[in-house]
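Sequence below, structure please.
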Amino acid sequence: MTATSFDSARAVRFDLPRGAVQAGSDDERVILIPSSALDDLALSVPPEAVDALGRSLGTSIGKRAVARVPDARSASVEEFVTQLAGEAAVAGIGVLTVERWGRALVVVIEASPLASAWLAPVIASALSVAFGRNVATVLLSRDTRDARVLVASQKGVDRVRDWIASGTPWGEALARLHTDGARE
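Just a heads-up that it's a prediction; the model follows:
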């Protein structure tokens, strides 16, 4: 039976005598890091380093979400997103939901303490673990409350990235992606 809600019991365990924090059923060791430290890091290292750390964080979140779904490949999108959102919340990433824009999948992250540079790699890796293949992402927008990340094929992501860079609003870029016949 597939879980329909996120059970946070034992999602994170603190072992204070040993100075350890563990997450997930495999007792992965985690470290609590202030988001301001990650912001400082993002400003002081090459973009490739930010991408690598974001992908590592996303992989960890994705693995824990997949472990919560008995058969991830046959689970509904809603069932998997519930587990992924729970693990993202436990990691402190923010409140994760998905939106469908035609055939496009957009991941919305509310109230994330992470700088924009971290979000697309985190989402790409978390979903790559679930789907068992590389997933391309691009940050569509970020304001004081929400961030939106497009999940698509590399070709679709490249097109949307180029359109946004040339001044096209992200909603129009998504509509254009469909009308131009790009596959996700």
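
mind listing what Asp158 touches?
Ala136 (CB atoms under 8 Å, 6 or more residues apart in numbering). Heads up, the C-betas are built off the backbone N, CA and C, glycines and all.

Which of the helices or strands spans it?
helix 154-165 (DSSP states H and E).

Tell me who's in contact with Ser8.
Counting by CB under 8 Å, 6+ apart, Ser8 touches Gly86, Val90.

Model confidence for it, exactly?
Among the per-residue scores, Ser8 shows a pLDDT of 86.

hmm, back to that, the helix holding Asp158: what's the following helix or strand?
Counting by DSSP H and E, the next helix or strand C-terminal to helix 154-165 is helix 170-179.

which residues sit against that next one?
In this structure, residues lying in contact with helix 170-179 by CB under 8 Å, 6+ apart are 101-104, 106, 140-141, 148, 150, 152, 156, 159-160, 163-164, 168, 184.

cool, and stretch 32-41?
The list of residues contacting stretch 32-41 from outside it, by CB under 8 Å, 6+ apart, reads Val21, Ala49, Val50, Leu53, Gly92, Pro113, Leu114, Ala115, Trp118.

Try it again at 6 Å.
With contact meaning CB atoms under 6 Å, 6 or more residues apart in numbering, stretch 32-41 is reached by Pro113, Ala115.

Same question for stretch 50-63.
Outside of stretch 50-63, the residues within contact range by CB under 6 Å, 6+ apart are Ala42, Glu87, Ala88, Ala91, Ala117, Trp118, Pro121, Val122, Ser125, Ala126, Val129, Ala130.

how far off helix 154-165 does the helix or strand hosting Val106 point, in degrees?
Following DSSP H and E, one finds Val106 within strand 104-110. Using axes from the mean of the first three to the mean of the last three CA atoms, to 10 degrees, one finds that strand 104-110 and helix 154-165 are set 60 degrees apart in direction.

Tell me the strands beside strand 104-110, with direction?
Sheet pairing for strand 104-110, assigned by DSSP bridges, gives strand 95-101 (antiparallel), strand 146-152 (antiparallel).

Output the last one as CSV, nothing but the C-alphas.
Spelled out, it's strand 146-152. C-alpha atoms of strand 146-152 as CSV (Å, rounded to 0.1, in the frame of the first residue of the first chain):
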residue,chain,number,x,y,z
ASP,A,146,7.9,31.6,-4.0
ALA,A,147,10.3,30.1,-6.5
ARG,A,148,9.3,28.2,-9.6
VAL,A,149,11.5,25.6,-11.2
LEU,A,150,10.6,24.1,-14.6
VAL,A,151,11.3,20.3,-15.0
ALA,A,152,11.7,19.4,-18.7
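
Thank you, goodbye.
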